[in-house]
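Participant: below: sequence and its predicted model.
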Amino acid sequence: MIAFAQAVSIYIQLLADYGFSISATRYVAIHASSPTAKLRDYVSTIHACKGLLVLIASIIALPILYLWSGGGEAFVAGLLLMGSAVGNALTPLWYYQGVNRIRTVAVATAASKWVGAVAILLFVRAPTDMLFVACAYSVPPLLVALACTISLDCAGIFKFNAIDFRAMRNEMRIGAPYFLISAGTGVLANSGVIVLGIFYPTSVVGIYAAAEKVVKAAVGCIAPISQSVYPLNAERFGESTSAGFRSVRQTALWLLCPAVAGTAILFLIAPWGLGLLHWVDPLYLRIIRYLCPWIVLGVINNVLGIQVLSAMGRGKTYARAFFIAACSTLILMFSLTPAWGGVGIVFGMVGGEFILMILLMWSIRSIVSGIDSQWFK
């Protein structure tokens, strides 16, 4: 029940984020030095949007949790675990990221997770401690969200009377493309396992899933760098297009160099690491090594899609390219998997990232060409 409720919580967070981690961060980065009143209206509106989305998602999740748990103590535990989703969704990381003060909130968020984990290790002894586990997971994030909201209120950045419902509708429209991208990314992240499971037994799926997790753990190391450079690029694009591209050229190295170096290391040490884990099936090594180009292509697409198009405010352009690439990925997976198994899934993922890279490069070139033509008119 705990695992299922945590999965539901992840989907609540996904809906509540709604792409604001990109659109709102960009706005705050550009207007960080604006008058407090302007920033207060925006922050209050975004916070209200996320609160409304959390409420809607929670209402949808309630009957699902009840039917799965059958009521009773398990259902209560599921309700408590939804608190972790509420806390994470309402922690305004996007604001602190936009004003380049993310360190304190990031430390508090990480500490809340450690506190919950330590409490579970120390005090949980039997399945009857399920409610305590739920509280350990949910209470710390709620406290962090509450502390951040109070901090914003004391600084005059968040006020309930500054919420504008018409502005909420406009911000939901602006964030929609980024929501579709994040939701699509979440769907594609599990598509490989699902498609492989349609054609092959669980033993093959298990090998692929384990190898894929190793690679995605390596990819996760790039995320903090991307989050740290995005506000800088958004701020520069807010000044001018040329300043934005200069910033991207500088910060892209912070993403690409670790990605290329890390991928090369993973490719070389994979046999040794798999030997330590006693993963003797050769399919493990093949999948990990074949996924190495996917890592590099993914980082290139992060630069093109997030650091350039999203930082420029071209979310719709990015969403269109992503939709075409996502459909191409699924087509390739279904076409190649019956004959090649897990390797077919990998080729589908790599092919989809390559298609996305071409589409993003073409989109950026078209935008830049349009700007240049308007400049010389």
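Facilitator: Structure received. On a predicted model such as this, the values are computed, not experimentally measured, just so you know.

Participant: for Leu79, give its distance to Pro140.
Facilitator: Using CB to CB, to the nearest Å, one gets 17 Å for the distance from Leu79 to Pro140. Quick note: C-beta positions are derived from backbone N, CA and C, even for glycine.

Participant: who has more neighbours, the two?
Facilitator: Taking other CB atoms under 10 Å, Leu79 and Pro140 do not tie; Pro140 has more neighbours (23 against 18).

Participant: show me what contacts the more buried one?
Facilitator: Pro140 sits next to Gly87, Ala111, Ser112, Lys113, Val115, Gly116 when contact means CB atoms under 8 Å, 6 or more residues apart in numbering.

Participant: domain-wise, how is this protein divided?
Facilitator: The record's domain parsing of the chain by automatic domain parsing lists 2-163, 175-375.

Participant: am I right that Gly351 is in contact with Leu332?
Facilitator: Yes - Gly351 is within contact range of Leu332, at 4.8 Å (criterion: CB atoms under 8 Å).

Participant: hmm, who's touching stretch 300-315?
Facilitator: Applying CB under 8 Å, 6+ apart, the external contacts of stretch 300-315 come out as 19, 22-23, 26, 174-175, 177-178, 181, 222, 226, 229-230, 233-234, 236-237, 241, 244-245, 248, 251-252, 255-256, 317-318, 321-322, 353, 356-357, 360-361, 363-364, 367.

Participant: poorly predicted segments of this structure, please.
Facilitator: For the chain, applying pLDDT under 70 flags the ranges 1-4, 7, 370-377.

Participant: nearest residue to the middle of it?
Facilitator: Central residue of the chain (CA atoms, centre = their mean): Ser182, 6.2 Å from the mean position.

Participant: residues contacting that one?
Facilitator: Leu14, Asp17, Gly19, Ser21 are the contacts of Ser182 under CB under 8 Å, 6+ apart.

Participant: quick one on the thing from earlier: most neighbours out of the contacts of Pro140, which is it?
Facilitator: The residue in the contacts of Pro140 with the most neighbours, by other CB under 10 Å, is Gly87 (25 neighbours).

Participant: hmm, it is touching Leu142, no?
Facilitator: Yes - using CB under 8 Å, Gly87 is in contact with Leu142, at 4.0 Å.

Participant: about what we covered before: okay, the domains of the chain in JSON lines with distance to Arg169 next?
Facilitator: Output for the domains of the chain, formatted as JSON lines (distance: least, CB to CB, whole Å):
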{"stretch": "domain 2-163", "distance to Arg169": "9"}
{"stretch": "domain 175-375", "distance to Arg169": "11"}
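
Participant: where does Gly78 sit, in terms of helix or strand?
Facilitator: If you go by DSSP states H and E, Gly78 is part of helix 72-90.

Participant: distance between that helix and the chain's centre?
Facilitator: How far helix 72-90 lies from its chain's middle: 21 Å, per CA atoms, centre = their mean, to the nearest Å.

Participant: show me what the helix or strand following it is packed against.
Facilitator: The helix or strand immediately downstream of helix 72-90 is helix 93-98, counting by DSSP H and E. Secondary-structure packing of helix 93-98 (3 or more CB pairs under 8 Å, 6 or more residues apart in numbering; DSSP states H and E): helix 20-30, helix 36-69, helix 102-123, helix 223-239.

Participant: which one of the ones you listed lies closest to Ile163?
Facilitator: Between Ile163 and the helices and strands packed on helix 93-98, the tightest spacing by CB to CB is seen for helix 36-69, at 4.5 Å.

Participant: would you map the helices across the stretch 201-350 of the chain?
Facilitator: Per DSSP state H, counting those that start in this stretch, the stretch 201-350 of the chain carries helices over the ranges 202-220, 223-239, 241-277, 282-290, 292-302, 311-312, 315-340, 342-375.

Participant: how big is the angle separating the fifth one from helix 342-375?
Facilitator: Using axes from the mean of the first three to the mean of the last three CA atoms, to 10 degrees, the direction of helix 292-302 lies 20 degrees away from that of helix 342-375.

Participant: quick check: buried residues in helix 292-302?
Facilitator: Buried residues in helix 292-302, counted by 16 or more other CB atoms under 10 Å: Cys292, Pro293, Trp294, Ile295, Val296, Leu297, Gly298, Val299, Ile300, Asn301, Asn302.

Participant: can you tell me how far the closest residue in space to Asp17 that isn't next to it in sequence sits from Tyr27?
Facilitator: Computed as CB to CB, 6 or more residues apart in numbering, the closest residue to Asp17 that is not its neighbour in sequence is Ser182, at 6.4 Å. Distance of Ser182 to Tyr27, given as CB to CB: 17 Å.

Participant: helix, strand or coil for the closest residue in space to Gly87 that isn't next to it in sequence?
Facilitator: Nearest residue to Gly87 in three dimensions, chain neighbours excluded: Pro141, at 2.9 Å (CB to CB, 6+ apart). At Pro141, secondary structure determined by DSSP: H, G, I helix; E, B strand; the rest coil is helix.
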